[in-house]
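Enquirer: Make a model of this:
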Amino acid sequence: MGEGVEIGPYCVIGPDVVLGDRVHLISHVVIDGRTTIGDDSIVYPFASLGQAPQDLKYRGEPSTLEVGARNRIREQVTMNPGTEGGGMVTKIGNDGLFMVGAHIAHDCILGDHIIMANNATLAGHVTLGDFAFVGGISAVHQFVRIGAHAWVGGMTGVERDVIPFGQVMGDRARLTGLNLVGLERRGFPREEIQSMRTAYRMLFGPDGTLAERVDEVARVFASSPQVIEIVEFVRVKSSRGLCQPAAYSGQ
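Expert: As a prediction, the model looks like this:
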């Protein structure tokens, strides 16, 4: 335990758990396994962190759960450690907010400033970029990648990868544009947002193949780091494919 740790009543802490400085467990918290909780994090009642993954392939391997600093983990949140089939670690970044009933499965990798609303669920091996938002009662399929600053609407089923800065909604998620509200709130310059909007229209336009459009966007917007981030995300080979706008019919 670090300095200034507060452990409220009825908490159960396993022998291999590491708590950073000023971690506060309010009450009725269970933390087990090889779990690390970063400095200044606060965990609310009935959260369960580090218990065995809900994966039938798990055989008790010494995998870990690493939770960064200044996270707020609300009631009934569950976070599971990694497995041998996924790198042996589930990793949560810094400054996240995980609302009531959120679930992070084995081998997920989350960036900084993540928000998961009530009962949002990540299956195994999901990755979330910095500042990603997952709306309430949403479910993300295993191995899906969600890019930085992306926004997933409430009650959305995400089966395919979501581009950085993208916005998706629907029973089966479809791109509905860029996360413009989030971009404005985080201070992105107006001209950079306009570049991203133009690049988005080119990327999901009707002409040519997706690969050809990606190359053209990379050429036209070579000086835009945000557009290049989208390009590089799309170019990564994915097991799940790419979430597209509803009207998209190309390759």
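
Enquirer: Going by C-alpha atoms from here, please, whenever you check contacts or count neighbours.
Expert: OK.

Enquirer: Could you export stretch 129-136 as PDB, CA atoms only?
Expert: The C-alpha coordinates for stretch 129-136 follow below in PDB (Å, rounded to 0.1, in the frame of the first residue of the first chain):
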ATOM      1  CA  GLY A 129      -7.900   5.200 -27.600                       C
ATOM      2  CA  ASP A 130      -7.400   8.300 -25.400                       C
ATOM      3  CA  PHE A 131     -10.600  10.300 -24.700                       C
ATOM      4  CA  ALA A 132     -12.900   7.600 -26.200                       C
ATOM      5  CA  PHE A 133     -16.500   7.600 -24.900                       C
ATOM      6  CA  VAL A 134     -18.800   4.600 -24.700                       C
ATOM      7  CA  GLY A 135     -22.400   5.300 -24.000                       C
ATOM      8  CA  GLY A 136     -24.700   3.600 -21.600                       C
END
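
Enquirer: Double-check that E184 belongs to a strand.
Expert: No - assignment of E184 by DSSP: H, G, I helix; E, B strand; the rest coil gives helix, placing it outside any strand.

Enquirer: show me what contacts it?
Expert: Residues in contact with E184, defined by Cα atoms under 8 Å, 6 or more residues apart in numbering, are R190.

Enquirer: shaky segments in the stretch 101-250 of the chain?
Expert: Counting by pLDDT under 70, the ranges of the stretch 101-250 of the chain that qualify are 248-250.

Enquirer: Okay, buried residues for whatever helix or strand T198 lives in please.
Expert: Assigning secondary structure by DSSP states H and E places T198 in helix 190-203. Burial within helix 190-203, assessed by neighbour count using 16 or more other Cα atoms under 10 Å, is assigned to 193, 196-197, 199-200, 202-203.

Enquirer: Nearest to D171 among those?
Expert: The closest of the buried residues of helix 190-203 to D171 turns out to be Y200 (Cα to Cα; 22.5 Å).

Enquirer: contacting residues for the closest one?
Expert: By Cα under 8 Å, 6+ apart, the contact list for Y200 reads 177-178.

Enquirer: repeat that for 10 Å
Expert: Contacts here follow Cα atoms under 10 Å, 6 or more residues apart in numbering; on that basis Y200 touches 166, 177-178, 194, 217, 227, 230.
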